[in-house]
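[1] the following comprises the amino acid sequence and a computationally predicted model.
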2 protein chains.
Amino acid sequence: MKNSLNELFYPRSIAVAGVSNSITGSLISRFYLQPLIDFGYSGEIYPVHPREKELLGLRVFPSITDIPGPVDYVVSAIPAHKVPQLMEECIAREVKLISFYTAGFSESGDDVGLKLEATLLEIARRGNIRILGPNCMGIYCPESRVSFDSTFPRENGKVAFISQSGGVALYVCREATSRGVSFSKVVSYGNASDINETELLQYLAQDDATKVIAAYIEGIKGGRKFLQALREASAVKPVIVLKGGSTEAGARGVMSHTASLAGTDIIWDAAFNQWGVVRVFSPEEMIDMMVAFSHPHTQGKRVAIIGFGGGASVQAADDCEKAGLSVPLVPQSVREKLGKLALVPGSIFKNPIDMVGNFANPEEFDQTIRIVSEWEDVDFLLTHLVFGVGGLGYEDLKLHVSMLQQMIDVAKTINKQVIFALDSTSSPVWQKESYYARQKCIAAGFPVYSSIRHAAQAIGRIQSLSKSYGSSGDVRA
Amino acid sequence: MKNSLNELFYPRSIAVAGVSNSITGSLISRFYLQPLIDFGYSGEIYPVHPREKELLGLRVFPSITDIPGPVDYVVSAIPAHKVPQLMEECIAREVKLISFYTAGFSESGDDVGLKLEATLLEIARRGNIRILGPNCMGIYCPESRVSFDSTFPRENGKVAFISQSGGVALYVCREATSRGVSFSKVVSYGNASDINETELLQYLAQDDATKVIAAYIEGIKGGRKFLQALREASAVKPVIVLKGGSTEAGARGVMSHTASLAGTDIIWDAAFNQWGVVRVFSPEEMIDMMVAFSHPHTQGKRVAIIGFGGGASVQAADDCEKAGLSVPLVPQSVREKLGKLALVPGSIFKNPIDMVGNFANPEEFDQTIRIVSEWEDVDFLLTHLVFGVGGLGYEDLKLHVSMLQQMIDVAKTINKQVIFALDSTSSPVWQKESYYARQKCIAAGFPVYSSIRHAAQAIGRIQSLSKSYGSSGDVRA
């Protein structure tokens, strides 16, 4: 069984069936053929179509049986009713795995679809072929240069993500990537007719490249085995789970989307709590936890909050304490050192520390961060900056960008961990600059969140976990 | 007392003290003088500075006493220690109100600042002058063309916002504006040494132009009177409150920021619940409630969810039910009508309704929305679209923009309320397009939220309020 999944992530050759130059064909070539080429997949790529001759510079084969070499893995985008014939050809060529992009199986809820999925499984068992999906995007594994999306990063990471929804897989991978997360293996597994969440979890728990597992799961097949796998996985690495279909209407959506039984939410919750599974309630929260687990954990809960704006500082302090962090009062000795700086009226330096008066004064700002970082009773620094509050001219924009650069430069030189909360008003100009500013933080190796609240919740969550995975919790390379 | 505040919002003339051509001067002219000019304030504007002669095309007067005509309202940006002399001049010229932009008073926590604020109050009482602040931004009242920011919209609205923090006032006004909210009166009131939250609440409760009141409050002065004012205000219009300093560290921040006592959170909560005050926990949540109250309330809790993506649909349904909305199953009769459309495999139409298969098929999409809108057992439609999931080329971008336009066009013609949830990945290109798409929804008169979750929570919140303000709850003009 384990071998089959190895060939899913590391196939020696891939055939893509159902690609063509027509509109539908271009859609699927975009979603599967193009990424393999763009990623520089090193094995053979065989496009398959009854009438096409050439596609994206590759020779197209009329059928699987016409392919000259061995085929490990077939990606199918042909209409559902033509699938049985394709599978017979795969048996003849000793294909190991097929993933089905196509919908129109059990998730449709009609007799035709249900019967077709049953047939497909029957053929697969007879021919010793494993099936991913149907109704899924497939695999992204940067190590083997297999991907279902051309925009995903090429570098190997430590986070594995299994998603029953292809759209959620795309959204989470793109957004997590823009937050500095990189992936070991991503699987969009759809209806889970054969390869399901349990087997994927078992595989990833033992996968050395994977240090964190995240899962978007709509329904489970075989509850007991799954819970066992979840327990075993979360004993060895952090497991983050977003459960779709936790309400009646959500469960109805699940049945229509991936033909799965959503199960009772209360049972999920009990199991998650017992085993230290990190349950999240939105893709955004999942990405925050991926970011948190992708960096060394803070060595404690005591935070110094440094940022700009009195109201923002008050809310930052509230958000941190509500998330279970501790915001200690700056002691007299540290305050005396800060008092020697030329702080303007309006500066607050008791923790939260508000530097708004020194926004255009990098020297004072630098000194403040340095003095605070030497304060022994805090474990880490949380800095915040919102783009687009205050003046809105080009000079103001430049000032924000240079302040952020200043924050990064100082953060690199001090001996305490620094975490960034970088937000922006929705104005496109400021959004764009804050996006690039975020990328600068990431390039410098710092975790970045979209607000103090998000940062505090993610860090507080890790601090609240009873078990620790490794001494520093660093899951980076 | 009421007259004083009328002159705060509708002054016949304004003097701005402390403006100059120096760097500090340019800051304050940007924050106060420039907006008055940009807004076309119709009264006299008198810049005041001991040495300057002309500023932004206006004659500068050496002191308040040198101004030729009557002065209702003085905005002061002079250093704290020079304030007593300014106030004596104001008494001599029978000024009604002064607002102090400057910090360095009681919020500093030192004896000098405390004493200065006490002196200032003593002089104000003796001279019958009302004080706003110190440590505040002042007034934005589009009706009288008074503003502390040039970018705020010129049009009158129905939402009043009082904020103890200037930064929060700027952030909320800008973001709420980009969400289609417009304001009757906004007050940044800082340390609240004289005019405080209680008096502002009393004024706004009786202000005919104001249909919704929102408040960011850090601390209260005179708890009993305030609670009485809160009770009376929330009896006649919706009151949304964000309370800063609900934790120990937050309360410490409050003391340093605006010299206020944050009070016990549990008392606030009890009072809020009893009187139907809408308590929110972040500026974002406050803006969502402003949006919700700025449109007719939905006539019930039953929602049809229409959007793109199976996983997104499942989560949309979960989010709606968790927020207290009801997501009824599409009945057989409606499903039969939908079944006649050329829906592609993968479409879900039991509610949530997933149209991802018909993304590039506007005709089918149109028909789906029309058929669902005629279904009697739902009260409103919630549509969702995320920019930047799927293909990322220019053609894809154009497709998203035209789909959104299509959604708006259909929404205009059906007889059920439609609410939009419009999200984007963080990529600047898509962020920008989704920002403009959002503006299109707003221009067409629809409420827009950044996600189904935010929309559902805001709508669910209004539905859960025991009282209703007017039959439709429409607080628009």
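    Thanks, I have the structure now.
[2] count the residues that sit near A:P362.
    Under the neighbour criterion other CB atoms under 10 Å in any protein chain shown, A:P362 is assigned a count of 16. All C-beta spots, glycine's among them, are computed from the backbone N, C-alpha and C.
[3] how close does it get to A:R335?
    Distance check for A:P362 against A:R335: by CB to CB, to the nearest Å, it reads 21 Å.
[4] kindly report the same for A:E54.
    A:E54 is 73 Å from A:R335, by CB to CB.
[5] out of those two, which sits in the more crowded spot?
    Neighbours around A:E54 and A:R335, counted as other CB under 10 Å, are more numerous at A:R335. The numbers are 15 against 10.
[6] return the residues of the stretch 51-200 of chain A in contact with chain B.
    With CB under 8 Å from any CB of the partner chain as the criterion, the stretch 51-200 of chain A comes near chain B at residues A:80, A:102-104, A:107-108, A:113, A:135, A:151, A:163-168, A:170-171, A:174-175, A:178.
[7] dihedrals phi and psi, the spatially closest residue to A:Y171 that is not a sequence neighbour?
    Across the structure, with CB to CB, 6 or more residues apart in numbering or on different chains as the measure, the residue nearest A:Y171 apart from its sequence neighbours is B:V389 (4.9 Å). Here the main-chain torsion angles of B:V389 (degrees, to the nearest 10) amount to phi -110, psi 130.
[8] and A:A316, how many neighbours?
    Other residues near A:A316 come to 31 when the count uses other CB under 10 Å.
[9] spit out the contact partners of the closest residue to chain B within the stretch 201-350 of chain A.
    With CB to the nearest CB as the measure, A:G311 is the residue of the stretch 201-350 of chain A nearest to chain B, at 2.7 Å. With contacts defined as CB atoms under 8 Å, 6 or more residues apart in numbering or on different chains, the neighbours of A:G311 are B:163-168, B:216, B:218, B:244, B:257.
[10] any idea how far the closest residue to A:Y449 other than its chain neighbours is from A:V291?
    Sequence neighbours aside, A:A455 is the residue nearest to A:Y449 in space, at 3.7 Å (criterion: CB to CB, 6+ apart). Distance, A:A455 to A:V291, using CB to CB: 9 Å.
[11] these two - which one has more neighbours?
    Remark: of A:A455 and A:V291, A:A455 carries more neighbours, 29 against 22, as counted by other CB under 10 Å.
[12] pull the residues that contact the helix or strand hosting the more buried one.
    A:A455 belongs to helix A:452-464 when elements are defined using DSSP states H and E. Outside helix A:452-464, the residues that touch it by CB under 8 Å, 6+ apart are A:278, A:284-285, A:288-289, A:291-293, A:297-298, A:300-301, A:303, A:305, A:307, A:312, A:315-316, A:319-320, A:322-325, A:382, A:384, A:419-421, A:447, A:449, A:473, B:282.
[13] just the buried ones from these?
    For the contacts of helix A:452-464, a neighbour count by 16 or more other CB atoms under 10 Å in any protein chain shown gives the buried set as A:278, A:284-285, A:288-289, A:291-293, A:297-298, A:301, A:303, A:305, A:307, A:312, A:315-316, A:319-320, A:322-323, A:325, A:382, A:384, A:419-421, A:447, A:449, A:473.
[14] let's see which of those end up in helices.
    By the criterion of DSSP state H, membership of those in helices covers A:284-285, A:288-289, A:291-293, A:312, A:315-316, A:319-320, A:322.
[15] widest-spaced pair of the residues you listed?
    Farthest-apart pair in these is A:F293 and A:A312; separation 26.8 Å (CB to CB).
[16] for the top helix by length along chain A, the averaged confidence score.
    For chain A, the helix with the greatest residue count under DSSP H is helix A:394-413. Confidence for helix A:394-413, expressed as mean pLDDT, is 92.
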